[in-house]
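K.L.:
From the sequence below, what's the structure:
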Amino acid sequence: MRFFRSAGSLIAAVVFMFPWIASAGPEREAPQYGGIINIVTQHASLNALSFNQYNWVWKTNHDGPFLDHLIAGDLDFGPRGKGVNRFTAFDWIPPEQYRGELAESWSVEENPLRLVFNIRQGVFWPGKEGVMERRELVAEDIVYFYNHMWTSPRRIPTFWEFIDEWKVEGKYKAVAYLKEWNANWGYRMAWSYFDGIAPREVLDMNDGRVPTIGALRPAPAPTK
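P.N.:
Take a look at the predicted model:
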């Protein structure tokens, strides 16, 4: 017992004399801004083509990982989960492996045929000086994004042609009314190349009239 008391006293004395021992670890440095980031994807030989999703370049989902989608792949099915999907395919996620991202839930409704997306509440666009104030993501953001993208002269005419119109039917409810059913709707409009959601403030700045890529403003990803 005397030994443990002596050892305890010695440790306490050392910590008292050298207090930095008790808080061991590297000091936190101030963040360093600027620099270059190199993005290498499965097609690393291609450049980014454009960082403006309004130009409908298919690599936007590679070069703009700051953008979130209505739906994403559920990584519980990935290698560290059930191990049934490595999620390496560019353009295929089995529908049973979808999970909600910006859309907390969704459903297919009939009469009339439509896709109803219930937008996740409490998700915020972060503020960015000169671009926008911090505000909540709402259904109007979703509807404006798809309507805006469809005005691009570079759009793929057949990609969303099965959609008749988008409507806001509540602060957190965005509805796509369909002309016809498309079994591949998830890939076409919810999780793939051209549907990384950006706020209206950014879309209005980057609508093709921006003269140089240096003037583009990246979309702030929503945060919760």
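
K.L.:
which residues does the residue nearest the centre of the chain contact?
P.N.:
Most central in the chain under C-alpha atoms, centre = their mean is Asp68, positioned 1.8 Å from the mean C-alpha point. By C-beta atoms under 8 Å, 6 or more residues apart in numbering, the contact set of Asp68 is 101-102, 196-197, 221-222. C-beta here means a position set from N, CA and C on the backbone, and glycine is covered the same way.

K.L.:
And Arg86, by the same measure?
P.N.:
Contacts here follow C-beta under 8 Å, 6+ apart; on that basis Arg86 touches 78-79.

K.L.:
shift numbering so it begins at 34
P.N.:
Yep, numbering from 34; the last one is Arg119 now.

K.L.:
Now it: phi and psi?
P.N.:
Torsion angles at Arg119 (phi, psi; degrees, to the nearest 10) stand at phi -90, psi -10.

K.L.:
Pull the number of nearby residues for Arg221.
P.N.:
20 (other C-beta atoms under 10 Å).

K.L.:
Extract the C-alpha set from the one helix or strand it maps to and format it as PDB.
P.N.:
Secondary structure from DSSP states H and E places Arg221 in helix 218-222. Taking Å, rounded to 0.1, in the frame of the first residue of the first chain, the C-alpha atoms of helix 218-222 are listed here in PDB:
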ATOM      1  CA  TRP A 218     -35.900   7.400 -62.400                       C
ATOM      2  CA  GLY A 219     -33.400   7.100 -59.600                       C
ATOM      3  CA  TYR A 220     -30.400   7.300 -61.900                       C
ATOM      4  CA  ARG A 221     -32.100   9.900 -64.100                       C
ATOM      5  CA  MET A 222     -33.000  12.400 -61.500                       C
END
